[in-house]
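**Student:** Quick one: sequence and predicted model below, then my questions.
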Amino acid sequence: MVLEMKVPSPGESITEVEIATWLVEDGDYVEKDQPIAEVDSDKATLELPAEESGIITLKAEEGDAVEVGAVVCLIDRSAAKPEGAESKKEAPAKVEKKEVVSAAPVKETYASGTASPAAKKVLAEKGIKASDVKGTGKDGRVTKEDAVKAVPSMGTPGNGARSTERKKLSMLRRKVAQRLVSVKNETAMLTTFNEVNMQPIFDLRNEYKEAFKARHGVGLGFMSFFTLAVVRALKMYPDVNSMIDGDFQVKHDFQDISIAVSGPKGLMVPVIRNAENLTFRGVESEVKRLAIRAREGQITVDEMTGGTFTITNGGVFGSMLSTPIINPPQSGILGMHNIVNRPMAVNGEVVIQPIMYVALSYDHRIIDGRESVGFLVAVKEALENPVELLMDNNPTKALEM
């Protein structure tokens, strides 16, 4: 009558997950389908629901890395549900007080401050001297655990409160870090910049945004303009919509646009599938749906896999200019930034216009300068002339679809 709960496979390429948080305690009564844990994979954080009702026994600790298919808990299905909300566990037995005996001071010997071989290696990697670490081993020897906990000196302490916190990075954050470093090491990444006059889009939004929201239930944001401008540019410059696979170039005849979203567990990059078939309403609805799922931790691995090009918007945090890092195996990423009123020359006169700097980072192994610059100019042209290039000279019809 005891059920062994095993880690389900979050995706085809994932073989290991990490127990991020147990949502129940050992000995709790759980209901079927009740979330009992959050598990991190290298792509997303997922909830683990109870497969049956009963008393749960945990078999893994928070932070443990477990293989897909491994047993993480047991559920006793024969156990009756306890009465009342407070009857999860029996009250802990009264603990008798014992006198605390102070440990004798460590006697200084020739071994004091000497690091074990394993500790020496850890300290060398951190650039810390063994003499700067207080050893807790026999005769004051510096153990590997001492070395792992040691932190470099931060100079002479001041008078204010000073504390540090050490916590393990989530599997998702570790995977993101690994991928970002590999991109820098394994691609010939360059970035080209341009600026966009956002006034035409401002004018369109001011005229149609209320009717658009009333009709479709979503706001008319900037992301739909940028997504459709990118789709148009990718069709003009298909090399930017391709990837390297060994000695081959793989070109796509579809545009799956990844949208970078900041979630509670770190950066998420859900994908808008076949963006070339979507209208303004379709893009805005999909962006809203994916952003909500990412921020609520409900996004799935499949929803973040397989994009052909990425758009990231650092402007929402106030970024003026940046060099975004490519999202492998893609070959290009467009960075949006904040919009600032700047003086511009328009028809021979200086006028104040809302300007955004945009950046395209690309893999120079597969995309040449002509394609990269041409692509970004095509995006700029579409954003500065959206009625003609994105709406077929009929904004009313385009925004009603």
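**Tutor:** Perfect, thanks for sending it.
**Student:** What ranges does the stretch 151-300 of the chain have for its helices?
**Tutor:** Under the criterion DSSP state H, counting those that start in this stretch, the stretch 151-300 of the chain contains helices at 171-186, 199-216, 222-236, 280-295.
**Student:** In TSV: the ones you listed, plus mean neighbour count, distance to residue 250 and mean pLDDT.
**Tutor:** C-betas here are computed from N, CA, C, even on glycine. Conversion of the helices of the stretch 151-300 of the chain to TSV gives the following (neighbours: other C-beta atoms under 10 Å; distance: least, C-beta to C-beta, whole Å; pLDDT from 0 to 100):
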stretch	mean neighbour count	distance to residue 250	mean pLDDT
helix 171-186	14	17	81
helix 199-216	15	33	94
helix 222-236	22	14	97
helix 280-295	19	24	91
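**Student:** need the longest strand for this structure.
**Tutor:** Criterion DSSP state E: the longest strand present in the chain is strand 349-363.
**Student:** Give me the neighbour count for residue 393.
**Tutor:** By other C-beta atoms under 10 Å, 9 other residues sit near residue 393.
**Student:** For residue 378, see how far away it is.
**Tutor:** Distance from residue 393 to residue 378, counting by C-beta to C-beta, to the nearest Å: 18 Å.
**Student:** what helix or strand is residue 146 on?
**Tutor:** Per DSSP states H and E: residue 146 is located in helix 144-149.
**Student:** What helices and strands are in contact with that helix?
**Tutor:** In terms of contacts (3 or more C-beta pairs under 8 Å, 6 or more residues apart in numbering; DSSP states H and E), helix 144-149 is packed against helix 117-126.
**Student:** Tell me the buried residues in the helix it packs on?
**Tutor:** Applying a neighbour-count criterion of 16 or more other C-beta atoms under 10 Å, one finds 119, 122, 123 buried in helix 117-126.
**Student:** need the strands for the stretch 1-150 of the chain, in chain order.
**Tutor:** 2-6, 16-22, 29-30, 35-40, 45-49, 54-58, 65-67, 71-76 (DSSP state E, counting those that start in this stretch).
**Student:** Correction: the previous question concerned the stretch 251-400 of the chain.
**Tutor:** Using DSSP E, counting those that start in this stretch, the strands of the stretch 251-400 of the chain run over 257-259, 261-263, 266-268, 271-272, 309-313, 332-336, 339-346, 349-363.
**Student:** so which of those gets nearest residue 11?
**Tutor:** Residue 11 lies closest, by C-beta to C-beta, to one member of the strands of the stretch 251-400 of the chain: strand 271-272, at 13.6 Å.
**Student:** Could you pull up the contacting residues of the residue nearest the centre of the chain?
**Tutor:** With distances taken as C-alpha atoms, centre = their mean, the residue of the chain nearest its centroid is residue 267 (1.8 Å). When contacts are counted by C-beta atoms under 8 Å, 6 or more residues apart in numbering, residue 267 touches 176, 260, 261.
**Student:** go again using 10 Å as the cut-off
**Tutor:** Residue 267 sits next to 172, 173, 176, 180, 260, 261, 294, 312, 327 when contact means C-beta atoms under 10 Å, 6 or more residues apart in numbering.
**Student:** Among those residues, which pair sits farthest apart?
**Tutor:** 180 and 294 (18.6 Å).
**Student:** ok, residues contacting stretch 378-390?
**Tutor:** Here stretch 378-390 makes contact (C-beta under 10 Å, 6+ apart) with 194-201, 203-204, 222, 224-226, 228-237, 240, 280, 311, 334, 356, 358, 360, 391, 393-395, 398.
**Student:** Pick out the shakiest of the strands of the stretch 1-150 of the chain, pLDDT-wise.
**Tutor:** Here these differ in mean pLDDT, and the lowest is strand 45-49 at a mean of 83.
**Student:** Direction included, what does it pair against?
**Tutor:** Looking at strand 45-49 with DSSP bridges, its partner strands are strand 35-40 (antiparallel).
**Student:** what angle separates the strand it pairs with from helix 171-186?
**Tutor:** Going by axes from the mean of the first three to the mean of the last three C-alpha atoms, to 10 degrees, strand 35-40 is angled at 10 degrees with respect to helix 171-186.
**Student:** Any buried residues in strand 35-40, and which?
**Tutor:** Applying 16+ other C-beta under 10 Å to strand 35-40 flags 36, 37, 38, 39, 40 as buried.
**Student:** quick check, nearest of those residues to residue 211?
**Tutor:** Proximity to residue 211 was ranked across the buried residues of strand 35-40 by C-beta to C-beta; first place goes to residue 38, at 41.2 Å.
**Student:** The closest one: what's it in contact with?
**Tutor:** Contact analysis of residue 38 by C-beta under 10 Å, 6+ apart lists 18-23, 45-48, 62, 170, 265, 297.
**Student:** one more time with 8 Å
**Tutor:** 20, 21, 23, 45, 46, 47, 48, 297.
**Student:** Would you check that my belief about the fourth one contacting residue 295 is correct?
**Tutor:** No. Taking C-beta atoms under 8 Å as the definition, residue 45 is not a contact partner of residue 295, at 11.6 Å.
**Student:** Let's have the helices of the stretch 151-300 of the chain in a markdown table, adding distance to residue 145.
**Tutor:** As requested, those are exported to a markdown table (distance: least, C-beta to C-beta, whole Å):
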| stretch | distance to residue 145 |
| --- | --- |
| helix 171-186 | 21 |
| helix 199-216 | 57 |
| helix 222-236 | 49 |
| helix 280-295 | 38 |
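**Student:** Residue 318: which of these is closest?
**Tutor:** Nearest to residue 318, of all these, is helix 222-236, at 15.2 Å by C-beta to C-beta.
**Student:** Could you list the low-pLDDT ranges of this protein?
**Tutor:** By pLDDT under 70, the weakly predicted segments of the chain are 12, 43, 84-113, 153-158, 264-266.
**Student:** what about 50?
**Tutor:** 85-95, 97-104, 106-111 (pLDDT under 50).
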